[in-house]
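J.: Kindly return the folded structure for what I paste below:
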Amino acid sequence: MIKKLFIKKTNNTLIQLFRYSFVGGIAFIVDISSLYLLTEFAQIYYLISAALAFLLGLTVNYILSILWIFRLRVFQSRSLEFTIFTIIGILGLILNEIIIWFSTEQLKLYYLYSKLISTFIVYFWNFFARKYILYRGNVGK
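T.: This is a model prediction of the structure:
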């Protein structure tokens, strides 16, 4: 069971979602710590910091996703794959920015709380969009 959850190649959505939670957690740590550091210490406006931090998290997510979660590819071209991965990420970034802005400016939440709300929603968008657009190949291909 441990090998199935952590090691073997799989196209099982639940196992991939389980793994994506770890990858997403690591990417989230990179994202939120960068957001905090850029906003609080570098004094960058929080929406710009959020975009930069999101892109750092996206890069970490891509690398870990192709190494551990989505080993089965639809596209042979890594550049095309990364382009589509990035487009999905940019759509996630837009969603991220809207949610953070709305939660912070309209709901008057602290920007890091807004980020938590955004993370939960964007997490599912990113996983399912990537799973069904980029990595829907069959096991054994």
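J.: quick one: low-confidence ranges for the chain?
T.: 137-141 (pLDDT under 70).
J.: Which stretches in it count as helices?
T.: For the chain, the helices defined by DSSP state H occupy 2-6, 13-36, 46-64, 78-101, 111-133.
J.: tell me the most buried of these?
T.: Neighbour counts (mean count of other Cβ atoms under 10 Å) averaged over each of the helices of the chain peak at helix 46-64, with a mean of 20. Where you see a C-beta, it was placed from the backbone N, CA and C, and this is true even at glycine.
J.: ok, residues contacting that helix?
T.: Helix 46-64 is contacted from outside by 23-24, 26-28, 30-35, 38-39, 42, 44, 82, 85-86, 89, 92-93, 96-97, 100-101, 104, 111, 115, 126, using Cβ atoms under 8 Å, 6 or more residues apart in numbering.
J.: can you give me how far that helix is from the chain middle?
T.: 8 Å (Cα atoms, centre = their mean, to the nearest Å).
J.: Ok, stretch 42-49 next?
T.: Relative to its chain's centre, stretch 42-49 lies at 20 Å (Cα atoms, centre = their mean).
J.: cool, and stretch 20-34?
T.: For stretch 20-34, the distance from its own C-alpha centre to the chain's C-alpha centre is 8 Å (Cα atoms, centre = their mean).
J.: Only the C-alpha atoms, please, for it, written as CSV.
T.: Provided in CSV are the C-alpha atoms of stretch 20-34 (Å, rounded to 0.1, in the frame of the first residue of the first chain):
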residue,chain,number,x,y,z
TYR,A,20,-0.5,16.5,-5.1
SER,A,21,-1.4,17.5,-1.5
PHE,A,22,2.3,17.0,-0.6
VAL,A,23,3.6,18.8,-3.6
GLY,A,24,1.0,21.5,-3.1
GLY,A,25,2.0,21.8,0.5
ILE,A,26,5.6,22.4,-0.4
ALA,A,27,4.7,24.8,-3.2
PHE,A,28,2.4,26.6,-0.7
ILE,A,29,5.2,27.0,1.8
VAL,A,30,7.4,28.5,-0.9
ASP,A,31,4.5,30.7,-2.1
ILE,A,32,3.2,32.0,1.3
SER,A,33,6.7,32.6,2.8
SER,A,34,7.7,34.5,-0.4
